[in-house]
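Colleague: Okay, predicted coordinates and the sequence, questions at the end:
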Amino acid sequence: MPTAQQLRIWRNYIETAEVLRTRLASRLQSESDLSAGDYQVLLALTEAEGRTVRSSELADLIGWERSRLSHHLGRMEKRGLIGRQACVDDVHGIDVVATDAGAAAFRAGSVPHLRAIRELFIDALTPAQLGEVEDLTAALRRHLERDPASGDGR
């Protein structure tokens with residue numbers, strides 16, 4: 001069992017990460033009309049060749065369940081941010097494409113979002129502390145990748 005000190009550290013980490021995530025999402029939504037989920041999807045699509053990714057691959061890239069992604073893509077499609085089309089090489093596959101409007105919304109949302117990341121995260125830490133965060137997150141990722149209980153290799 002974890003010690004009282006270890007549990008305190010864990011709780012502080014989880015609660016702080018959640019406050020940070022909530023504030024970043026709130027700022028993104030108010031400054032760009034994109035949700036954190038919209039931004040995550042558009043980031044993956046705009047980094048892809050032709051702004052297109054197969055739906056199943058997109059779910060893996062952003063770490064979402066396929067049903068969650070499908071519902072979210074439906075909402076984004078209604079807003080004209082993405083399009084969905086049948087894969088040319090797989091009759092059962094669906095390609096997700098960032099529309100011009102989606103790519104423009106992503107670009108417009110990136111500047112205020114990156115500013116918020118600087119203000120809420122980077123500015124709070126010294127360069128040495130940022131290096132420590134990088135080391136800690138790398139150690140956690142390596143540990144999680146080795147964890148057979150995760151069931152998905154993450």
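Modeller: That came in fine, so what should we check first? Worth saying up front: this structure is predicted, and the values here are computed from it rather than measured.

Colleague: Tell me the gap between the helix or strand harbouring Glu77 and the middle of its chain.
Modeller: Per DSSP states H and E, Glu77 falls inside helix 66-78. For helix 66-78, the distance from its own C-alpha centre to the chain's C-alpha centre is 15 Å (C-alpha atoms, centre = their mean, to the nearest Å).

Colleague: Tell me which residues of that helix come out buried.
Modeller: Using 16 or more other C-beta atoms under 10 Å as the test for burial, helix 66-78 gives 69, 72-73, 76. Where you see a C-beta, it was placed from the backbone N, CA and C, and this is true even at glycine.

Colleague: which residues in the chain form helices?
Modeller: Ranges of helices in the chain, per DSSP state H, are 4-32, 36-47, 55-62, 66-78, 100-120, 127-146.

Colleague: Format the buried residues of helix 66-78 as a markdown table; extra columns: pLDDT.
Modeller: Listed next are the buried residues of helix 66-78 as a markdown table, based on pLDDT from 0 to 100:
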| residue | pLDDT |
| --- | --- |
| Leu69 | 96 |
| His72 | 97 |
| Leu73 | 97 |
| Met76 | 97 |
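
Colleague: residue closest to the middle of this protein?
Modeller: Nearest to the mean C-alpha position of the chain, by C-alpha atoms, centre = their mean, lies Gln40 at 4.1 Å.

Colleague: For the closest residue to it other than its chain neighbours, give me its contacts.
Modeller: Leaving aside its sequence neighbours, Gln40 sits nearest to Ile62 (C-beta to C-beta, 6 or more residues apart in numbering; 5.1 Å). Ile62 makes contacts with 40-41, 44, 69, as judged by C-beta atoms under 8 Å, 6 or more residues apart in numbering.
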